[in-house]
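*Asks:* coords please:
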Amino acid sequence: MIILGIESSCDETAAAVVEDGRKVLSSVIASQVEEHKLYGGVVPEIASRRHSEAIAGVVRQALADSGKPLSQIDAVAVTYAPGLIGALLVGVNFAKGLALSAGLPLIPVHHLRGHIASNYLTSPELEPPFLCLVVSGGHSHIIEVKSYTQLRVLGKTRDDAAGEAFDKAARAMGIPYPGGVEMDRIAEAGNDRAYQLPRPRVDGAPLDFSFSGLKTAVINLLHNAGQKGTEVNLPDLCASYRRAVVDCLTENFLKAAEQTGTQKLVAAGGVSANRLLRRNLQELCAKSGRKLYVPELSLCGDNAAMIASQGYYEYLAGNTAGMELNACAQRSIE
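*Replies:* Predicted coordinates for the structure are as follows:
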């Protein structure tokens with residue numbers, strides 16, 4: 001089955017063609033990062049306008065690169081939630097129009113389910129059940145994946161997501177957007193024990209995350225240093241902060257694995273590209289005898305191949321939509 005996937009939940013306009021949920025025939029991404037750098041973060045109105053300008057060309061290119069004309073496409077899958085509402089609407093409305101005009105089934109895909117599916121493309125042998133740590137700019141979840149379309153949230157962030165915590169702390173340190181990526185690079189040269197930072201926990205919810213206090217601790221550290229006129233070692237601070245965030249993620253993820261007895265652990269989302277997170281998860285799995293799956297770096301960020309992949313399994317489960325489909329800024333992965 002050949003599925004065309006469309007993704008426009010934030011600041012990447014993407015389209016891809018995937019066969020049977022596992023084989024990528026094409027993947028095209030138009031990124032807006034350079035423009036949003038001017039503002040230190042994503043400006044929703046600008047993102048929506050750029051999606052409107054780019055989406056037709058991106059879809060056309062994805063079809064051309066795949067060697068599959070629209071007449072050979074079996075269904076259209078699109079991200080409908082969660083994300084920036086204006087950005088989502090561009091993709092959803094384009095997909096609806098395309099599906100209607102071509103007489104194709106329309107498949108709504110939850111963005112986080114798509115991130116999980118990026119692992120099916122990297123590791124075709126991977127099948128549910130497994131446990132997944134979904135970490136991105138707007139989300140931090142521990143998900144029990146019972147089947148391709150049956151998922152249960154075991155833990156989630158109570159405030160900032162891990163990616164958001166990286167980006168906000170990086171901005172306070174004077175690191176340009178996208179700060180989390182650059183912080184990861186700078187941290188490689190630093191001493192991750194140079195600064196003592198907290199590991200926040202949520203009382204009564206041992207699998208939930210909270211990063212706002214950690215972010216505040218770094219901001220206070222920077223303010224105190226500025227008031228005292230003392231110099232902050234940027235690589236050391238980046239390394240210490242990165243270690244604190246990753247410690248919180250891996251500790252809770254391991255707790256969830258032990259509670260559920262899961263032997264297959266999966267990471268997904270933009271933060272799954274973080275070097276330290278990957279290393280720590282690999283070490284934990286090696287020690288415990290568990291199997292780790294992570295997406296290839298090109299599939300960690302937002303892309304449409306993951307949407308087309310998950311769309312395949314949603315279609316098999318009978319999850320299609322009509323022209324009444326609307327975008328949702330927030331929606332549970334369950």
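
*Asks:* alpha carbons only for contacts and neighbour counts from here, please
*Replies:* Noted.

*Asks:* Strands of the stretch 101-250 of the chain, start to end?
*Replies:* 106-110, 130-135, 140-145, 151-156 (DSSP state E, counting those that start in this stretch).

*Asks:* would you turn the ones you listed into CSV with mean pLDDT?
*Replies:* Output for the strands of the stretch 101-250 of the chain, formatted as CSV (pLDDT from 0 to 100):
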stretch, mean pLDDT
strand 106-110, 98
strand 130-135, 98
strand 140-145, 98
strand 151-156, 98
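
*Asks:* So the protein: which segments form each domain?
*Replies:* 2-116+299-316, 127-297 (automatic domain parsing).

*Asks:* one step back: turn the strands of the stretch 101-250 of the chain into JSON lines, including mean neighbour count.
*Replies:* Rendered in JSON lines, the data for the strands of the stretch 101-250 of the chain read as follows (neighbours: other CA atoms under 10 Å):
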{"stretch": "strand 106-110", "mean neighbour count": "28"}
{"stretch": "strand 130-135", "mean neighbour count": "25"}
{"stretch": "strand 140-145", "mean neighbour count": "24"}
{"stretch": "strand 151-156", "mean neighbour count": "18"}
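
*Asks:* for residue 107, what are its contacts?
*Replies:* Shown in contact with residue 107 (CA atoms under 8 Å, 6 or more residues apart in numbering): 75-78, 311, 314-315, 319-321.

*Asks:* that older thread, comparing the domains of the chain, which stretch has the densest surroundings?
*Replies:* Most buried of the domains of the chain by mean neighbour count (mean count of other CA atoms under 10 Å) is domain 2-116+299-316; its value is a mean of 22.

*Asks:* how long is that one end to end?
*Replies:* The first and last residues of domain 2-116+299-316 sit 13 Å apart, counting by CA to CA, to the nearest Å.

*Asks:* Show me which helix runs longest in the protein.
*Replies:* The longest helix of the chain (DSSP state H) is helix 234-260.

*Asks:* What is the following helix or strand past that one packed up against?
*Replies:* Using DSSP states H and E, the helix or strand that follows helix 234-260 towards the C-terminus is strand 264-268. Helices and strands touching strand 264-268, as assessed by 3 or more CA pairs under 8 Å, 6 or more residues apart in numbering; DSSP states H and E, comprise helix 111-122, strand 130-135, strand 291-293.

*Asks:* Put together TSV for those, with distance to residue 281 on each row.
*Replies:* TSV is the format used below for the helices and strands packed on strand 264-268 (distance: least, CA to CA, whole Å):
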stretch	distance to residue 281
helix 111-122	15
strand 130-135	10
strand 291-293	7
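
*Asks:* Of all these, which one is nearest residue 220?
*Replies:* Nearest to residue 220, of all the helices and strands packed on strand 264-268, is strand 130-135, at 25.1 Å by CA to CA.

*Asks:* who touches stretch 47-63?
*Replies:* Taking CA under 8 Å, 6+ apart as the rule, stretch 47-63 contacts 6, 8, 10-17, 26-30, 32, 69-70, 86-87, 90-91, 94.

*Asks:* Now intersect these with the strands, please.
*Replies:* Per DSSP state E, strands hold the following members of the contacts of stretch 47-63: 6, 12-17, 26-30.
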